[in-house]
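Q: Sequence isn't available, so here's the structure alone:
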Ligand code: DQA
């Protein structure tokens, strides 16, 4: 069975409480439960990880090497300046989908650049929790395409 890893970075554990006018009132627990149901229905394995610490995020990405088929990641503020997360994602060579709840391009200029985008297959921003659902649909198609191409799949 294909394995999808959903990673959320700093402050995303506070969804539902944090700046509701920007991020909405859905909690991360609710988003993850929704994704779990979607993955079950699609026959995909799914794991979740959230951390407020850059090194822990890097270590979780390393652990994914050889064990995960696609990473969906919202790196939070680290998107805009973490070369370490960029390097980790490059290292493991797993397809990456970047998600942002908010439209990072119509906010402060320091959010306009994502260091993660260059290592991502694609990304979704500004669609709130729906972005994660869409990312999971895309992840399912990506792992299917990779399996169909004869590249190795882990179970
Ligand atoms: C975010 C956007 C980032 O700029 C911000 O630092 C976050 C959340 C989003 O999902 O919209 O923590 O990644």
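A: Sure thing, it's come through. Since we're looking at a predicted model, the values are computed, not measured. Residues are numbered from 1 along each chain as shown.
Q: and the residue nearest the centre of the chain, what is it in contact with?
A: Centrality entry for the chain: nearest residue to the mean C-alpha point is residue 73, 1.7 Å, by CA atoms, centre = their mean. Residues near residue 73 by CB atoms under 8 Å, 6 or more residues apart in numbering: 6-9, 89, 96-99, 116. Every residue, glycine included, has its C-beta placed from N, CA and C.
Q: got it, and residue 36?
A: Residues in contact with residue 36, defined by CB under 8 Å, 6+ apart, are residue 46.
Q: Helix or strand for it, just tell me which one.
A: helix 28-42 (DSSP states H and E).
Q: what separates that helix from the chain centre, distance-wise?
A: In terms of CA atoms, centre = their mean, to the nearest Å, the centre of helix 28-42 is set 13 Å apart from its chain centre.
Q: Same check on stretch 35-51?
A: Relative to its chain's centre, stretch 35-51 lies at 12 Å (CA atoms, centre = their mean).
Q: Give me the buried positions along it.
A: For stretch 35-51, a neighbour-count test (16 or more other CB atoms under 10 Å) marks 35, 38-39, 44-51 as buried.
Q: As a check, name the ranges of all helices in the protein.
A: 20-23, 28-42, 54-64, 83-92, 130-148 (DSSP state H).
Q: Would you mind naming what in this structure lies close to the ligand?
A: Counting by CB under 6 Å from any ligand atom, the chain comes close to the ligand at 11, 74, 76-77, 79, 100-102, 104, 111.
Q: Low-confidence stretches in this protein?
A: Where the chain drops to pLDDT under 70, the residues are 152-155.
Q: Now do the helix holding residue 36 against helix 130-148, angle only.
A: Angle of helix 28-42 versus helix 130-148, following axes from the mean of the first three to the mean of the last three CA atoms, to 10 degrees, is 40 degrees.
Q: Out of the contacts of residue 73, which sit inside strands?
A: Judged by DSSP state E, these include 6-8, 96-99 as members of strands.
Q: Among those, which one sits closest to the ligand?
A: Nearest to the ligand out of the ones in strands among the contacts of residue 73 is residue 99 (CB to the nearest ligand atom; 6.8 Å).
Q: thought that closest one was touching residue 131?
A: Yes - using CB atoms under 8 Å, residue 99 is in contact with residue 131, at 4.7 Å.
Q: got a winner among the residues of the chain next to the ligand for most neighbours?
A: Most neighbours among the residues of the chain next to the ligand, by other CB atoms under 10 Å: residue 74, with 27 neighbours.
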